[in-house]
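In: Sharing a model prediction with you, sequence too.
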Amino acid sequence: MELFRVLKVRNFLYHYEQCSGQLINNAKSVIITANDCSEAKKGLYYSITGFGEGQFPLHCLGAPLYLGPRKILYFDHIIANANRRLQGWESKLLSFGSRLVLIKKNSLDCLKESVSPCFGKRSWLMKIRQRAEKEIGWVIVEGELHFWFDSWSPDGPLASRCPIQGLPNRMVKWFCHGREWNLERLLSVVPADAEAQIMEVHIHPSDVDRAIWIPTPNGRFSVKSAWEFVRNKDHSNGWFIGLLKAVNWSGFDHVANQWGLNPRSSRKITIRMVCWIPLSVGYFKLNSDGCSKLGGVSSIGGIVRDHSGQPIIAFHESIGQGSNTRAELMEILKGLQICRLFNLFPLWLEVDSMVALKIIEAKNTSWSLSPILSRILHILNVSIVRKSHIFREANAAADELANMGINSGSVLYPDDIHGKLKGICRLDRIGLPYIRLSLNSTTSIICLLFLFCIDLIVS
């Protein structure tokens, strides 16, 4: 009788395979018999079905199947797997979408309740959920964002700054008309001061709304950055850590040895000639530069020249407080806007900031700089522009204009270019090289004297 039942089960599985097209995996299938079942019967069952021997508890899709009372040891494999995953999270990068799935997935909350030894109340992932969501900024493209509760404004969600008027589930796109804000609809729900701030938010010409992780310079999320954000890492002792680097004690061996440091020999001096490169007939070249002084005041400058090196137009201005990266992106944006106004294309964009070029290539940056980057990318998408890096020494004309921008702002035409700037443009036009070197030892002093003489000639 028992043998007949086993054959009936085997026959049912065979018909299931024929009807569904799905095959039974015998290697993963088992038969569980009673404790008093003889070895002869077990062998017969295994030979008929092709299945192996099994016993409780079983694991199906990671969960234990068991008979009788619940025991902690049935869940040991879940705890072990979770611990193994957690060990690598601090040093690994996750995409932003993966992070949202990780934090918001309901199964994670269920796991927290079921496996308390691993996910206790003090688990840092659980602790940072609400804090981390406040550090997510949104770039508006389609407007599929909550107008009141999503952080698409630099000052955070509107609901935290002004009372909710109208429907609380309004989307941002309802307040937009194409790539512009609908002023009438805005004024119907927000006060005038909030409306002015909203009007400054740029609606980006891209594909979909994009999330930005605010704590990182590139806007990309990583578990490491979240960890640093949570524990509020103190950088106040960074200068002291820098002192402990052996390379900073070259020449003071006796002092370094007392600290247990082994200073390396000073780096090799490299000297090379660099120059401003002329371009093909029909092209224009934009050289730009930005600087941020000690007090935090930034300025930008740039110059557009034709294929022969003759100046077409130049600019310089102060852009207020900000970082070097902001100044470098602002200089590029201002130069591209001027070129677009006067139709100076095709264009060769040449800057001395590899950081800015990498940001443009990656099309991704921090929350505060994303509006600037968006405007740059929009111009690049509709114009013929070649981009390249130039050494700072060969970018002397733009550097001079950026320094001029600290004190004044102006647009210069060829007749307005005089003095040192005119001399630099003349030297660039005839191909006079500049010296690029790492400043060290007597050779550096000789090179500095040479540069000083060139500066006198230019002036």
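Out: In hand now; what should we look at?
In: you'd agree residue 201 is up against residue 151?
Out: No. The criterion here is Cβ atoms under 8 Å, and residue 201 misses it with residue 151 at 11.3 Å. For the C-beta atoms, the positions are set from N, CA and C on the backbone; glycine is no exception.
In: neighbour count winner among those two?
Out: residue 151 (22 against 16; other Cβ atoms under 10 Å).
In: which SS state does residue 137 fall under?
Out: Under DSSP: H, G, I helix; E, B strand; the rest coil, residue 137 falls in the strand class.
In: How much space separates it from residue 371?
Out: Separation of residue 137 from residue 371 (Cβ to Cβ, to the nearest Å): 11 Å.
In: Looking at these two, which has the bigger crowd around it?
Out: residue 137 (21 against 18).
In: for the closest residue to that one other than its chain neighbours, helix, strand, or coil?
Out: Spatial nearest neighbour of residue 137, excluding adjacent residues (Cβ to Cβ, 6 or more residues apart in numbering): residue 367 at 4.1 Å. In three-state terms, and counting by three-state DSSP, residue 367 is coil.
In: residue contacts, residue 367?
Out: 137, 154, 212, 214, 219 (Cβ atoms under 8 Å, 6 or more residues apart in numbering).
In: In terms of pLDDT, where does it sit?
Out: Listed pLDDT for residue 367 reads 80.
In: rewinding a little: want to try CSV for the contacts of residue 367, with secondary structure and distance to residue 380 as columns?
Out: Converted to CSV, the contacts of residue 367 look like this (DSSP: H, G, I helix; E, B strand; the rest coil; distance: Cβ to Cβ, whole Å):
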residue, secondary structure, distance to residue 380
137, strand, 23
154, coil, 24
212, strand, 20
214, coil, 25
219, coil, 19
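In: which one of those sits closest to residue 79?
Out: Nearest to residue 79 among the contacts of residue 367: residue 214, at 33.8 Å, using Cβ to Cβ.
In: Any figure for the gap between that closest one and residue 338?
Out: The value you get for residue 214 to residue 338, if Cβ to Cβ is used, is 31 Å.
In: Next: residue 398.
Out: 13 Å.
In: who touches both of those two?
Out: In terms of Cβ under 8 Å, 6+ apart, residue 398 and residue 338 are both contacted by the residues residue 302.
In: neighbour count winner among these two?
Out: residue 398 (29 against 19).
In: Tell me the first helix or strand C-terminal of the helix or strand hosting that one.
Out: Per DSSP states H and E, residue 398 falls inside helix 396-404. Following helix 396-404 in sequence order, the next helix or strand is strand 410-412 (DSSP H and E).
In: Identify each buried residue in that following strand, please.
Out: residue 412 (16 or more other Cβ atoms under 10 Å).
In: got the contact list for stretch 161-171?
Out: 143-149, 155, 188-191, 194.
In: Mind doing that once more with 10 Å?
Out: Here stretch 161-171 makes contact (Cβ atoms under 10 Å, 6 or more residues apart in numbering) with 142-150, 153, 155, 158-159, 174, 185, 188-191, 193-195, 197.
In: Now do the end-to-end distance for that stretch.
Out: The separation between the terminal residues of stretch 161-171, taken as Cα to Cα, to the nearest Å, is 17 Å.
In: Report the separation between residue 430 and residue 390.
Out: 17 Å.
In: out of the two, which sits in the busier spot?
Out: Higher neighbour count among residue 430 and residue 390: residue 390, with 19 against 8, using other Cβ under 10 Å.
In: ok now do the more buried one, which residues does it touch?
Out: Contact analysis of residue 390 by Cβ under 10 Å, 6+ apart lists 274, 275, 276, 277, 285, 287, 289, 350, 351, 352, 353, 398.
In: Quick check: the last one touching residue 299?
Out: The one in question is residue 398. No. Taking contacts as Cβ atoms under 10 Å, residue 398 lies outside contact range of residue 299: 11.4 Å.
In: list the residues that contact both of those two?
Out: Applying Cβ under 10 Å, 6+ apart, one finds that residue 398 and residue 299 are jointly contacted by 289, 290, 316, 331.
In: so which of the residues you listed is the most crowded?
Out: residue 331 (32 neighbours).
In: what's residue 312 sitting at in phi/psi?
Out: Note on residue 312: backbone dihedrals following degrees, to the nearest 10 are phi -100, psi -50.
In: which of the contacts of residue 390 count as buried?
Out: By neighbour count, with 16+ other Cβ under 10 Å, these hold 275, 276, 285, 287, 289, 350, 351, 352, 353, 398 as buried.
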